[in-house]
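*Asks:* no letters, just coordinates:
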RNA sequence: GCCCUCGUAGCUUAAUGGAUAGAGCAACUGCUUGCGGAGCAGUAGGUUGUGCGUUCGAGUCGCACCGAGGGUACCA
């Protein structure tokens, strides 16, 4: 935002340093940590250290302090539109004119509106593959982290200036599907899914999984698997019908979560190309065909001359049936055939790190020059208290719909107490926004590499550092603007003696553009989650110390604009997390 | 054995190599409303797992160790 000023300041510093016999110094700008007022800091440590390295005998901290003081004497603050300049502990601190800075920030936000913080078009196309559920099975809290993380990463990448293609990859074939069909034919023939399709699908699957433990049942399932492999038309039809139910169930969940996909891949659609690729790999001598005693595998360490690093990748079972690797290889190729991708990101949990490393390496060995554009975005699991892994087999799962129902019911109570006069419909929709916001924030406010321990009370605690607090700040801002009635003042000048809470709020708002870039660069929604909370806290501090509606006309005018700007930035940051910013709650 | 990730306040967690390690829960004190609970203000809480190293400067980078979790050829 202050590029012109920075250029002028940089030139001035260079001139001074040249007099000191220092050339080609890198001038960097930082934030000044504490700021009752604010400005830019220039650390002189790197420059002093540079002198030391070039052989000059200097004590770095002392020299940095001396340079800062020398520079301070050189600066005429007014000529640069600065309020004052200080030399502190080796830093040159340049303070902006408070009123001017504040006005510029707020004007910029209100002019750019929802585009404030958006990065310039990078001309980069990024595919993000996420969610990847298995059809005919449940959707639990572990799956939720993937969808929420992937969805937020997509929004952030897009807003940062990338073109994003959202991809999903569904496990629509395999033993789990056959088990499901077996149980359906045997115990549920003719039944239709109810309102909640995923829940219903999962009940049949869970039952099938239990019954499968019995040897005679297992034999029946295997027999059905053989019919499936022979593409028995009756079974294929059943598969198509039931898969569709699953898809519709997932669609319900994605709608609820506000997610959509541009391209959906199915395991079934890459199975054949996978088999062909395996044959090709054997012909090329890269893969070893050990059938029937052993599988088809690639000894990556042998191929690369590494030891215990890439291990062995099995690409086809000894009985000729396919594995994940059989299908992930052709899928990667297909993605690059269909799209001109600059990056291809896989949002998959951390346990598959080695596996993906092997897949990427294999594609490199196959000679695909885009292999270095593949990236595994690993995230840790969601566990239950006591470090219990969520596994449907053990029955230790928290199902998605149960969780949403509980969260919504708790949110409803809050809405009831705050706004009893609203219509039931309005209450329901607000409760849902609050409930989903709370769940999403719980998932996104932890670093990707950290295990989330799912605790009902913590996830549903709407106080403190949680989405409802942020949403509430947005509502309060909206309420002030609504009560102010007529249109927002088109312009307003800011006074020099702004309250500290006003200054702090404005500074937080200036951080959005840079934080968006950082979040996109590191694929870390956490960065935005933190900023959203800080903004809400900043706004509440402002709200508690500054009157808006009852203030003098001049003050009222600029504060109304400040409130509108804060509302905008909070809404944008929530949007990047996939969280609704309601106007009433 | 080897590889990856994590270790920060009682708990959950933040911190582009830069200034006094920042929050939220829980705790404690006070105020308001009121006792089937909430809001606000404040207080307290830290040898950043341990030890070396790189650096003017390390929670952050490197190495080693300790601890937890995960992975390591036909599971996903």
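*Replies:* Noted; the coordinates are in hand. On a predicted model such as this, the values are computed, not experimentally measured, just so you know.
*Asks:* quick one: name the residues of the stretch 451-585 of chain A near RNA strand B.
*Replies:* A:451-453, A:458, A:461, A:463-466, A:518, A:524, A:526-527, A:530, A:533, A:537, A:540-541, A:544 (C-beta under 7 Å from any atom of the strand). (C-beta placed from N, C-alpha, C; glycine too.)
*Asks:* buried subset of the residues you listed?
*Replies:* Neighbour-count burial (16 or more other C-beta atoms under 10 Å) is assigned, among these, to A:452-453, A:465-466, A:518, A:524, A:526-527, A:530, A:533, A:537, A:540-541.
*Asks:* so which of the residues you listed is the closest to residue A:330?
*Replies:* residue A:524 (30.7 Å; C-beta to C-beta).
*Asks:* contacting residues for residue A:183?
*Replies:* Neighbour list for residue A:183: A:204, A:205, A:207, A:208, A:211 [criterion: C-beta atoms under 8 Å, 6 or more residues apart in numbering].
*Asks:* switch the cut-off to 7 Å
*Replies:* A:204, A:207, A:208, A:211 (C-beta atoms under 7 Å, 6 or more residues apart in numbering).
*Asks:* let me have the residues you listed in TSV, extended by distance to residue A:43, secondary structure and pLDDT.
*Replies:* As requested, the contacts of residue A:183 are exported to TSV (distance: C-beta to C-beta, whole Å; DSSP: H, G, I helix; E, B strand; the rest coil; pLDDT from 0 to 100):
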residue	distance to residue A:43	secondary structure	pLDDT
A:204	64	helix	93
A:207	65	helix	91
A:208	64	helix	92
A:211	68	helix	91
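*Asks:* among the residues you listed, which are within reach of RNA strand B?
*Replies:* Counting by C-beta under 7 Å from any atom of the strand, no member of these is near RNA strand B.
*Asks:* in strands only, show me the residues of the stretch 451-585 of chain A next to RNA strand B.
*Replies:* Judged by DSSP state E, those include A:452, A:453 as members of strands.
*Asks:* just to revisit the earlier point, next step: the buried ones among the residues of the stretch 451-585 of chain A next to RNA strand B restricted to helices.
*Replies:* Members of those lying in helices (criterion: DSSP state H): A:518, A:526, A:527, A:530, A:533, A:537, A:540, A:541.
*Asks:* I'd say the second one and residue A:445 touch.
*Replies:* Yes: counting by C-beta atoms under 7 Å, residue A:526 touches residue A:445, with 6.2 Å between them.
*Asks:* among the buried ones among the residues of the stretch 451-585 of chain A next to RNA strand B, which pair sits farthest apart?
*Replies:* Among those, A:453 and A:541 lie farthest apart (C-beta to C-beta), at 30.6 Å.
*Asks:* show the contacting residues for residue A:224.
*Replies:* By C-beta under 7 Å, 6+ apart, the neighbours of residue A:224 are A:178, A:181, A:182.
*Asks:* does the strand or helix carrying it reach RNA strand B?
*Replies:* Secondary structure assignment for residue A:224, by DSSP states H and E: helix A:215-229. No: using C-beta under 7 Å from any atom of the strand, helix A:215-229 never reaches RNA strand B; the gap is at least 11.9 Å.
*Asks:* quick check: what element follows that helix along the chain?
*Replies:* helix A:233-257.
*Asks:* off-centre distance for that following helix?
*Replies:* Put simply, helix A:233-257 sits 27 Å off its chain's centre (C-alpha atoms, centre = their mean, to the nearest Å).
*Asks:* hmm, who's touching it?
*Replies:* Against helix A:233-257 from outside (C-beta under 7 Å, 6+ apart): A:133, A:135-136, A:139, A:147, A:151, A:172, A:177, A:180-181, A:184, A:193, A:197-198, A:201, A:227-228, A:260, A:400, A:436.
*Asks:* which of these are buried?
*Replies:* Here, 16+ other C-beta under 10 Å leaves A:133, A:135-136, A:139, A:147, A:151, A:172, A:177, A:180-181, A:184, A:193, A:197-198, A:201, A:228, A:400, A:436 buried among the contacts of helix A:233-257.
*Asks:* now the residue of chain A found nearest RNA strand B: how far from residue A:442?
*Replies:* In chain A, the residue that lies nearest RNA strand B is residue A:464 (2.3 Å; C-beta to the nearest atom of the strand). Remark: distance between residue A:464 and residue A:442 (C-beta to C-beta, to the nearest Å) = 12 Å.
*Asks:* and what of residue A:379?
*Replies:* 14 Å.
*Asks:* re the thing from before, could you dump the ones in helices among the buried ones among the residues of the stretch 451-585 of chain A next to RNA strand B to CSV with pLDDT?
*Replies:* Output for those, formatted as CSV (pLDDT from 0 to 100):
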residue, pLDDT
A:518, 93
A:526, 94
A:527, 94
A:530, 93
A:533, 93
A:537, 91
A:540, 89
A:541, 87
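*Asks:* now render the contacts of residue A:183 as CSV, adding distance to residue A:372.
*Replies:* Below are these laid out as CSV (distance: C-beta to C-beta, whole Å):
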residue, distance to residue A:372
A:204, 43
A:207, 46
A:208, 42
A:211, 47
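*Asks:* hang on, the earlier thing: closest to residue A:489 out of the contacts of residue A:224?
*Replies:* residue A:181 (65.5 Å).
*Asks:* circling back: of the contacts of residue A:183, grab the buried ones for ChimeraX.
*Replies:* Only the buried entries of the contacts of residue A:183 go into this ChimeraX selection, using 16+ other C-beta under 10 Å:
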select /A:204,207,208,211
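*Asks:* tell me which helix or strand the spatially closest residue to residue A:259 that is not a sequence neighbour sits in.
*Replies:* Nearest residue to residue A:259, sequence neighbours excluded (C-beta to C-beta, 6 or more residues apart in numbering): residue A:151, at 4.8 Å. Element membership for residue A:151 (DSSP H and E) is helix A:141-160.
*Asks:* quick one: contacts of stretch A:113-126?
*Replies:* A:108-109, A:157, A:159-165, A:339-343, A:345, A:512-513, A:516-517, A:568-569, A:572.
*Asks:* among the residues you listed, which ones are buried?
*Replies:* Looking at those with 16+ other C-beta under 10 Å, the buried ones turn out to be A:109, A:157, A:159-165, A:339, A:341, A:343, A:345, A:512-513, A:516-517, A:568-569, A:572.
*Asks:* can you tell me if the host helix or strand of residue A:9 touches RNA strand B.
*Replies:* Assigned by DSSP H and E, residue A:9 belongs to helix A:3-19. No: against RNA strand B, helix A:3-19 shows no contacts by C-beta under 7 Å from any atom of the strand, the least distance being 13.8 Å.
*Asks:* average pLDDT across that helix?
*Replies:* Helix A:3-19 carries an average pLDDT of 82.
*Asks:* by contact count, what packs against that helix?
*Replies:* Here helix A:3-19 touches helix A:60-74, going by 3 or more C-beta pairs under 7 Å, 6 or more residues apart in numbering; DSSP states H and E.
*Asks:* buried stuff in the helix it packs on?
*Replies:* A:60, A:63, A:64, A:65, A:66, A:67, A:68, A:69, A:70, A:71, A:72.
*Asks:* farthest pair within those?
*Replies:* A:60 and A:72 (18.6 Å).
*Asks:* now residue A:458: closest residue in space that isn't a chain neighbour?
*Replies:* In space, residue A:458 is closest to residue A:442, 7.3 Å off (C-beta to C-beta, 6+ apart).
*Asks:* coming back round to it: possible to save the contacts of residue A:224 as CSV with secondary structure?
*Replies:* Rendered in CSV, the data for those read as follows (DSSP: H, G, I helix; E, B strand; the rest coil):
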residue, secondary structure
A:178, helix
A:181, helix
A:182, helix
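*Asks:* alright, that wraps it up for me.
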